[in-house]
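Novice: need coordinates for the below:
(2 chains)
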Amino acid sequence: MSQTPDLKSLNEKARELRLEVLEVTTKVASGHVSSSYSSVEILVALYQGGVLRFRSDEPHWPERDRFILSKGHAAPIFYAVLADVGYFDRAELKGLRTVNRRAEGHPVQDKLPGIETTSGSLGKGISVGLGHVVAGRLNKIDYRIYVLLGDGECQEGQIWESAMAASHFKADNLIAIVDYNKYQESGPISREMALEPFAEKWRSFGWHAEEVDGHDIGAIIETLKAVRDVKGQPSVVIAHTVKGKGVSFVEADYTFHGKALSADQAEKAREEILCN
Amino acid sequence: MQLGERAGLKPAKRLREVFGDAILDLCRKNERVVILDGDLAGTTRTHDVRHEFPERFFNIGIAESNMISMASGLASCGFIPFATSLSSFILANGFDQLRISVAIASVNVKVVGSHGGITLGKDGATAMAAEDLALVGCLPTFVILVPCDPASMHKAVHATAEHVGPVYLRSSRVAMPQIYPEDDCPFEIGVANVVREGNDLTIIGCGLMVAAALDAAVVLAEQGIEARVLDMHTIRPLDADAITAAARETGAIVTAEEHLLHGGMGSNIARIVAGSHPVPMRFVGLADTYTDSGEPEALLEKYGLTAHDIVAAAHDAIAAK
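Specialist: Numbers count the residues shown, from 1 in each chain, chains lettered A, B, ... in the order given. Predicted structure coming up:
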């Protein structure tokens, strides 16, 4: 991960990954497509954009940076990215949500290489990451821990237990990224259970907070690199995203949460993604 | 009469004090062991570790959910985290985390629940853990240990650390009389100990109720009934061989536990007996209720968890043979 690829190829990668997610979720007629699409650029920035330090052929390399997917329902894009960077063969993606295969509906720790923790029931990522922070200190190994949270997930009490603890433990190598797509399952977050003032909440818990366009890969990389210099407190990057990003009729309809697209819808979506 | 007095058992320290000694001993011997505390180090007795090994002791505050998932992260990096609090708090507040962050992928997290059962007494039902064995007992991959005296607590703490995978260890506020000599307690996970031989029926106890079972066996012997007594220190996995042998060789079984009868040790033993060698069974434990606050002895008496209750259950079971 020494060389940062150019933005054009990263954006092209994001397009490929969207198509990959579309293909596997449509085939199995299941999976969270819209929640995956809001996270695509964040994951590409981390894994393909030179932010994360990892060895896909040595998943437990002690010095690796950790990526913890707390919003486990973004499993389809997570698996697609892990396969793309070589943790496992692309054939595993075809086993999404299928019995006797390893690509579980929500990630299970070590069931596939590169999965650091089990997630699906929300709220646990920062806590697990803090365990890695403490372990790193005891082992005297420097690494960073990146935790991807959903926005609705931040309604969980454990998020704020762990936010308090991360600040208390001055976990400046822990970076939370919130995929702030503004929708939860039942509708707009502002209507269902409001989070705002969101950045202020994090700051009042002792975190350094930044906001970024969550579909601008260059900006995400720049922000994630900048927060490395924050000392003595954890950082949160609130990534403003669009749920279902890249497919107009999914962007326009939050009821796509948790649903795969029909064959017809998938064909339309494919055309849109290819034209974008 | 004191618990264990009929059976000639010597009184001992409170079990949580013994746990405190054992966990300190473990920390001295194994530098991978770390303690996560839910702000109850004085109560669970991990405070000596805090003083001697401050770098391996973390007060996570009153936030058990965060504590369990943190333990998962530490275990994934090769540490052996012991997450400790009152059993009622750590299991109920951390249950989702026990499922997701620990059980599903069998992460090497150790959970020590202090003040198990009802004998913490005066603090009342909210602080009691009469459901702990049922809660953890339904989680695949977990081992559950319930020591019954100082020697078995020492062995259990070390066995907890040595076992690779999730373990729940039940500690207790009360003193449990000495069942075993200090230097001679067999302890293998999943292997029950026969603490008294007999062939007329078997009493299977865990924790505090092992001493009560031995008291009951003395009373039964005076009546000409020879009871076998098993110390079922491992509630999960249960020792199916010892249970089946007890059914086959003694023809009747009484179980005794400081726990709700729903989902506790007895009901799981019954599942094994029903599938292998059905015999009459009776169950001593807390019926479908929460308890009052009160002195431990008064609660055990009121809710039917005494040697006397075991004797009555034994007669009932034998009559049904």
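
Novice: quick one: the strands in the chain?
Specialist: You didn't say which chain, so I picked chain A. A:66-69, A:145-150, A:174-180, A:183-184, A:187-188, A:208-213, A:235-240 (DSSP state E).

Novice: should've been chain B
Specialist: B:33-37, B:57-59, B:80-86, B:110-114, B:143-145, B:167-170, B:193-196, B:201-205, B:227-231, B:234-236, B:253-260, B:281-286.

Novice: which residues sit in contact with the residue of the stretch 51-200 of chain B found nearest chain A?
Specialist: With C-beta to the nearest C-beta, the shortest gap between the stretch 51-200 of chain B and chain A falls at residue B:73, namely 1.9 Å. Backbone N, C-alpha and C define where each C-beta goes, glycine included. Shown in contact with residue B:73 (C-beta atoms under 8 Å, 6 or more residues apart in numbering or on different chains): A:117, A:127, A:128, A:129, A:130, A:131, A:132, A:133, A:134, A:135.

Novice: let me have the strands of chain A in TSV, adding mean pLDDT, mean neighbour count and distance to chain B as columns.
Specialist: Converted to TSV, the strands of chain A look like this (pLDDT from 0 to 100; neighbours: other C-beta atoms under 10 Å in any protein chain shown; distance: least, C-beta to the nearest C-beta, whole Å):
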stretch	mean pLDDT	mean neighbour count	distance to chain B
strand A:66-69	98	27	8
strand A:145-150	98	26	9
strand A:174-180	98	27	11
strand A:183-184	96	24	18
strand A:187-188	96	12	24
strand A:208-213	98	18	20
strand A:235-240	98	24	16
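
Novice: in CSV, list those along with distance to residue B:36.
Specialist: As requested, the strands of chain A are exported to CSV (distance: least, C-beta to C-beta, whole Å):
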stretch, distance to residue B:36
strand A:66-69, 18
strand A:145-150, 18
strand A:174-180, 17
strand A:183-184, 31
strand A:187-188, 38
strand A:208-213, 26
strand A:235-240, 24
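
Novice: quick one: closest of these to residue B:275.
Specialist: strand A:66-69 (40.8 Å; C-beta to C-beta).

Novice: re earlier: as JSON lines, the strands of chain B with mean pLDDT, mean neighbour count and distance to chain A would be great.
Specialist: Output for these, formatted as JSON lines (pLDDT from 0 to 100; neighbours: other C-beta under 10 Å; distance: least, C-beta to the nearest C-beta, whole Å):
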{"stretch": "strand B:33-37", "mean pLDDT": "98", "mean neighbour count": "24", "distance to chain A": "7"}
{"stretch": "strand B:57-59", "mean pLDDT": "98", "mean neighbour count": "19", "distance to chain A": "7"}
{"stretch": "strand B:80-86", "mean pLDDT": "97", "mean neighbour count": "27", "distance to chain A": "8"}
{"stretch": "strand B:110-114", "mean pLDDT": "97", "mean neighbour count": "27", "distance to chain A": "13"}
{"stretch": "strand B:143-145", "mean pLDDT": "98", "mean neighbour count": "24", "distance to chain A": "19"}
{"stretch": "strand B:167-170", "mean pLDDT": "98", "mean neighbour count": "28", "distance to chain A": "17"}
{"stretch": "strand B:193-196", "mean pLDDT": "98", "mean neighbour count": "19", "distance to chain A": "35"}
{"stretch": "strand B:201-205", "mean pLDDT": "98", "mean neighbour count": "29", "distance to chain A": "35"}
{"stretch": "strand B:227-231", "mean pLDDT": "98", "mean neighbour count": "26", "distance to chain A": "34"}
{"stretch": "strand B:234-236", "mean pLDDT": "98", "mean neighbour count": "23", "distance to chain A": "20"}
{"stretch": "strand B:253-260", "mean pLDDT": "98", "mean neighbour count": "29", "distance to chain A": "25"}
{"stretch": "strand B:281-286", "mean pLDDT": "98", "mean neighbour count": "23", "distance to chain A": "30"}
